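Novice: Prediction below, plus the sequence it came from.
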Amino acid sequence: MNKLRGMEVFVAVVESGSFSEAAKRLDISSVMVGKTVAQMETQLQARLLQRNTRRQTLTEAGKAWYEECLHVLDALHSAENRIESLRRFPAGSLRISAATTLGSTLVAPLCSEFQQQFPDVHIELDLSDRFVDVVAEGFDFVFRIGELPTDTPLVAQRLGDYRMVIAGAPAYLARYGAPQSTDALKTHRCLRYSNWNSLNGWRSGDSLLWPENATFSCNDGQALRRAALAGAGLILQPRFLLADDIAAGRLVPLLEDALPAPRPIHLLWRQDVHYVAKHRSFVEWISLRAPHEIARYEKK
């Protein structure tokens, strides 16, 4: 016997006053109601109801069991309602991973806008350039730059392209001149993102585009941007990061015909998380807003 179903039957018998009325309430036969109550009494090894031809009354054990059944069924209904609410209304926590520069310039503002729409969702945004394991590390979503392996077990939504730009401050260009080719970069003071290496560095054809012997290295794009604005050297960073400075004339784009090919940006998630409202709403939000924001940066 299903114990939860047995509890529902017993509560119906007590509240309706008879087996026949309980059967009508549950849309089952009176025989099934009687059989269920009898099985429950056998399992509990206690008489729950005193029955005669005219009426039925609860025994002391029956009163105690009735109260416990109400507690259990109320807890079950509360749990079911909570899960239904999660499925219908975005709430709870989301753990999200993104590369540092992409995360600070694009993902963080989009997450903030998302929370304005869904304030019951709490976001933990982890910014790191390391390759995170979505499943093992418990992330709900990860934003990833570059081509994806064909055998990835994750669901992927392409959002747009990650375009790079080379730029320098007017003060730097006035002092050192503008490079006329990528080969000329070797003679310039260049600001380098220190997490790049021979495997993940940006390329122009078969060669590394950006000199490895840079005069200033840092693992933070914003710090490199500030150094470039101060005239410390030329910078190669995502257009997201430098678009406002270029539009305002604080930085001048260079070698636009020699820029590396753009890389795709994807939102990735596990196949089992798209059924709860917070996940579904986040995918819909990012799929709608991210391409618009990426396009806006490219127009600057």
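Specialist: Arrived safely.
Novice: Tell me who's in contact with the residue most central in space within the chain.
Specialist: By C-alpha atoms, centre = their mean, the chain has its centre lying nearest to residue 141, at 3.5 Å. Listed by C-beta atoms under 8 Å, 6 or more residues apart in numbering, the contact set of residue 141 reads 94-97, 134, 267-269, 279, 282. For every residue, glycine as well, the C-beta is placed using N, CA and C.
Novice: That one and residue 94, how far apart?
Specialist: Using C-beta to C-beta, to the nearest Å, we find residue 141 at a distance of 7 Å from residue 94.
Novice: shared neighbours of the two, which are they?
Specialist: Common neighbours of residue 141 and residue 94 (criterion: C-beta under 8 Å, 6+ apart): 279, 282.
Novice: where along the chain do the helices fall?
Specialist: 3-16, 19-26, 30-44, 60-88, 100-102, 108-117, 170-176, 221-229, 239-248, 277-299 (DSSP state H).
Novice: which non-adjacent residue is nearest residue 173?
Specialist: residue 252 (6.1 Å; C-beta to C-beta, 6 or more residues apart in numbering).
Novice: Same check on residue 61?
Specialist: Using C-beta to C-beta, 6+ apart, the nearest residue to residue 61 is residue 46, at 4.1 Å.
Novice: low pLDDT regions in this structure?
Specialist: The chain contains residues with pLDDT under 70 at 1, 52-54, 80-88, 197-208, 273-275, 300.
Novice: Tell me who's in contact with residue 287.
Specialist: By C-beta under 8 Å, 6+ apart, the residues touching residue 287 are 157, 159, 267.
Novice: One more: residue 152?
Specialist: So residue 152 contacts residue 268 (C-beta under 8 Å, 6+ apart).
Novice: Distance check, it against residue 135.
Specialist: Residue 152 sits 11 Å away from residue 135, going by C-beta to C-beta.
Novice: ditto for residue 27
Specialist: Residue 27 sits 44 Å away from residue 135, going by C-beta to C-beta.
Novice: ok, these two, which is more surrounded?
Specialist: More neighbours surround residue 135 than the other of residue 27 and residue 135, with 11 against 6 (other C-beta atoms under 10 Å).
Novice: Touching, that one and residue 269? I think so.
Specialist: No - Residue 135 lies out of contact with residue 269 (C-beta atoms under 8 Å); the separation is 10.3 Å.
Novice: got the contact list for residue 234?
Specialist: Residues near residue 234 by C-beta under 8 Å, 6+ apart: 166-168, 172, 179, 185, 188-191, 228, 254.
Novice: now swap in residue 114 and tell me
Specialist: Residue 114 makes contacts with 121, 123, 281-282, 285-286, as judged by C-beta under 8 Å, 6+ apart.
Novice: ok so, going back, which one (most neighbours) among the contacts of residue 234?
Specialist: Neighbour counts for the contacts of residue 234 (other C-beta under 10 Å) peak at residue 168, which has 28 neighbours.
Novice: who does it bridge with?
Specialist: Beta-bridge pairing of residue 168 under DSSP bridges involves residue 252.
Novice: can you pull the contacts of it?
Specialist: Applying C-beta under 8 Å, 6+ apart, we find residue 168 in contact with 178, 228, 233-235, 251-252, 254.
Novice: go again using 7 Å as the cut-off
Specialist: Counting by C-beta atoms under 7 Å, 6 or more residues apart in numbering, residue 168 touches 228, 234, 251-252, 254.
Novice: just residue 4 next, same as before
Specialist: Applying C-beta under 7 Å, 6+ apart, we find residue 4 in contact with residue 76.
Novice: what separates it from residue 75, distance-wise?
Specialist: For residue 4, the distance to residue 75 - C-beta to C-beta - is 11 Å.
Novice: Same check on residue 242?
Specialist: 56 Å.
Novice: Looking at the two, which one has more neighbours?
Specialist: Taking neighbours as other C-beta under 10 Å, residue 242 and residue 75 compare with residue 242 leading, 27 against 10.
Novice: circling back to that earlier point, can you add distance to residue 12 and give the contacts of residue 234 back as TSV?
Specialist: Below are the contacts of residue 234 laid out as TSV (distance: C-beta to C-beta, whole Å):
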residue	distance to residue 12
166	75
167	74
168	79
172	82
179	83
185	81
188	83
189	83
190	78
191	75
228	74
254	79
